[in-house]
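Peer 1: Pasting the sequence and the predicted coordinates here, then a few questions.
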Amino acid sequence: MCGIVAYVGHKAAQPLLVEGLKRLEYRGYDSSGVAVLDPAGGGLHVRRAVGRISHLEEKLAGGADPLPPAVTGIAHTRWATHGPPTEANAHPHADAAGRIALVHNGIIENYAALKRVLADKGYAFKSQTDTEVLAVLVGDLYRQLAAEGGAARPDAGAVSSLLQRAVRAALHQVEGTYGIAVLSADEPGMLVVARRGSPLIVGVGDDEYVVASDASAIVEHTTQVIYLNDNEMAVLRAGPGRVASLRTTTIGTGAADGGGEIEVSPVVKQLEHKLEAYALGEYPHYMLKEIFEQPQALRNCFRGRVEQREGRIVLGGMSDRARDLVKARRFVLTGQGTAWHAALVGDYLMEDLAKVVTEATYASEFRYRNPIVEEGTVVVAISQSGETADTLAALREAKDRGALALGLINAVGSTIARETDAGIYLHAGPEIGVASTKAFTCQLAALTLLSLYVGRRRYLSQGQAQEVIDALCAVPGQVEQVLRTSEQVKDIARQFVDRENWLFLGRGYHYPVALEGALKLKEISYIHAEGMPAAEMKHGPIALINDGMPVVFIATKGHQYDKVMSNIEEVRARGGRIIAVATEGDADIGRHSDHVVYIPHTIEPVQPLLSVVPLQLLAYHAAVLRGCNVDKPRNLAKSVTVE
């Protein structure tokens, strides 16, 4: 949820670090900071600020105490977990001697016990954070190792530095998750980075390294990257022979200083996206840009996978597992938030098209409920970032119990993508806005492809498959039609934007769409909204409806259309105002609704790809009209990498 940027090389570190933090703003944060090493031997310099990165920039621009022209540094955006957003709690944190600085994403679960041990040794703490405890622990171990005769300044060929040994020894005592970058004033020109459960990417440049928790902070400088695996550490030194100087080792359970652990060869990979993919362009907000990118994102998701003329789905990432999928007795689709809503649609799709028992479940609940995983169970982890902590934990639990693990992931090289047995990349492109839009529609698209792929090998006829494939191929163009309703949706939002309670209702495939519409409105406009099956309204929530309350119905043509119309009448009778998403050409619904947004006709399994778009636009325009920060809503982060 937080952001890390670190640099060691030959360029000025400060502007590079600050620019990297700006590229990570979308992940969510409440404070930020940088630490650099004075190349002239002047020690460690730390600056921190609460609030937006602009506040940190103002502090760095102050002439009273400027930072030295450093070429090694670390930076961080914090999202508060231990202690409120204050300058004292902001990262980087230093050890007691002020010679070692550390930035950290994740949670140190046993920090309180470690803090007591360190306090008994006489250490005092300046913050309420778990991260400062880790920094002080590293410093304590560093001094212990130095007293035992460790070398503080190893030559370029040395196997390990004193800092590396101290960090590794500290991590042996840590319980929890971390992505960290550490530097020491006594070992300039070097960074130590490590991860467990929190993403960390090493960008390999020309005699330099850029480290970040997200590729967006790296892509401006290099497209060559190393994805650290869990329990791996890397020592980065600037200068010629950079690949040889990068030593990656596992953080195992050996001696306290890490003796006897395995050295692994790093694998350098190519980043999928270029810098321009992260640019805002002509749009006022990333969310609006990403809503309007959906037609192209869907085309990219379908490319090479949908063979319309042959009526065939080709999933290269599943080819080695096709036989297992045909024999599968049960599918479990798991995710959090928007990904869970996609899983609910996938539940309908798998049972409708593939005729296999399917369950959609929250990843956070799956892990802790002692789930039944029988032979023939396939678990599908759905995550835009591929780093969602709860989803990753559920995936690992399922694999430990013998399930076949699949992934529907947008981020190439992410942890979930690397830990699944097979999967489907969404190819939606970078999604910067916190509220997911194009990733959601691509998740629906990928789930439809998976359902067809499995269904065609089980009970789905060629004619049935062809009907769905033809409908899918029409979707990108149809989404473009729906996007033309943006101004109409804006006018609707303007009429109801002051109402603080909304309902979103749908049946069948549109029940999850109703949940997603309500979530979008809550996330970015801070309006209270509930989504539910339309029939559920009568079992309690109908008591909420009062005069003028906006109620959004997904009322497209389908086998439950008449039932939805009855639910609309029940709301109208109690004074509710009806906003309907309906099928083009449905003249009747206009007589029963206050406002109608039409979408093109398509078959029911494909309708969610269209019906969700007006709801995304509704949430976006409501948030703008209310003056909310659309791309960075309060209290939220793009990638939730802690439980």
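Peer 2: Perfect, thanks for sending it.
Peer 1: could I get stretch 558-571 in CSV with only the CA atoms?
Peer 2: Taking C-alpha atoms only, stretch 558-571 is exported to CSV below (Å, rounded to 0.1, in the frame of the first residue of the first chain):
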residue,chain,number,x,y,z
GLY,A,558,-33.2,-11.1,-20.1
HIS,A,559,-35.2,-13.9,-18.6
GLN,A,560,-35.7,-11.9,-15.3
TYR,A,561,-36.7,-8.7,-16.9
ASP,A,562,-40.3,-8.9,-15.8
LYS,A,563,-39.2,-9.6,-12.2
VAL,A,564,-37.0,-6.5,-12.3
MET,A,565,-39.9,-4.4,-13.6
SER,A,566,-41.9,-5.5,-10.6
ASN,A,567,-39.1,-4.4,-8.3
ILE,A,568,-39.0,-1.0,-10.0
GLU,A,569,-42.7,-0.5,-9.3
GLU,A,570,-42.2,-1.4,-5.6
VAL,A,571,-39.6,1.4,-5.3
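Peer 1: May I see the buried residues of that stretch?
Peer 2: 558, 560-561, 564-565, 567-568, 571 (16 or more other CB atoms under 10 Å). In short, each C-beta sits where N, CA and C put it, glycine included.
Peer 1: So what touches it?
Peer 2: 503, 505-509, 534-535, 537-538, 542, 545, 551, 553-555, 578, 580, 589, 592-593, 604, 607 (CB atoms under 8 Å, 6 or more residues apart in numbering).
Peer 1: could you give me the average pLDDT of that stretch?
Peer 2: What stretch 558-571 shows for mean pLDDT is 91.
Peer 1: Then stretch 312-321?
Peer 2: 90.
Peer 1: Then stretch 511-527?
Peer 2: On average, stretch 511-527 scores 97.
Peer 1: buried ones in it?
Peer 2: In stretch 511-527, counting by 16+ other CB under 10 Å, buried: 511-525, 527.
Peer 1: ok, those vs Phe440, which is closest?
Peer 2: Glu516 (6.6 Å; CB to CB).
Peer 1: out of the buried residues of stretch 511-527, which one sits closest to Leu404?
Peer 2: Checking the buried residues of stretch 511-527 against Leu404 by CB to CB gives Pro512 as the nearest, at 24.0 Å.
Peer 1: That closest one reaches Val345, doesn't it?
Peer 2: Yes. Counting by CB atoms under 8 Å, Pro512 does reach Val345; the two are 4.8 Å apart.
Peer 1: so what sits against both of the two?
Peer 2: Pro608.
Peer 1: Leu505 and Met190, how far apart?
Peer 2: Per CB to CB, to the nearest Å, Leu505 is found 58 Å from Met190.
Peer 1: again, but for Gly197
Peer 2: If you go by CB to CB, the gap between Gly197 and Met190 works out to 24 Å.
Peer 1: still on that earlier bit, can I have the buried ones of the contacts of stretch 558-571 as a ChimeraX selection?
Peer 2: In ChimeraX, this line selects whichever of those come out buried by 16+ other CB under 10 Å:
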select :503,505,506,507,508,509,534,537,545,551,553,554,555,578,580,589,592,593,604,607
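Peer 1: Per-residue pLDDT of the closest residue to Gly176 other than its chain neighbours, please?
Peer 2: Distances taken as CB to CB, 6 or more residues apart in numbering put Glu109 closest to Gly176, at 3.8 Å, once the chain neighbours are dropped. Turning to Glu109, the model gives it a pLDDT of 90.
Peer 1: Same question for Gly149.
Peer 2: Value for Gly149, per-residue pLDDT: 77.
Peer 1: Could you check how far it is from Arg165?
Peer 2: 12 Å.
Peer 1: For those two, indicate the residue with more neighbours.
Peer 2: With neighbours defined as other CB atoms under 10 Å, Gly149 and Arg165 compare such that Arg165 has more, 22 against 6.
Peer 1: Let me know the secondary structure of that one.
Peer 2: helix (DSSP: H, G, I helix; E, B strand; the rest coil).
Peer 1: quick one, helices of the stretch 101-250 of the chain?
Peer 2: Taking DSSP state H, counting those that start in this stretch as the criterion, the stretch 101-250 of the chain carries its helices at 111-120, 130-147, 162-172, 242-245.
Peer 1: Mind checking the ones you listed for the one nearest to Ala446?
Peer 2: Among the helices of the stretch 101-250 of the chain, helix 242-245 sits nearest to Ala446 (CB to CB), with 35.1 Å.
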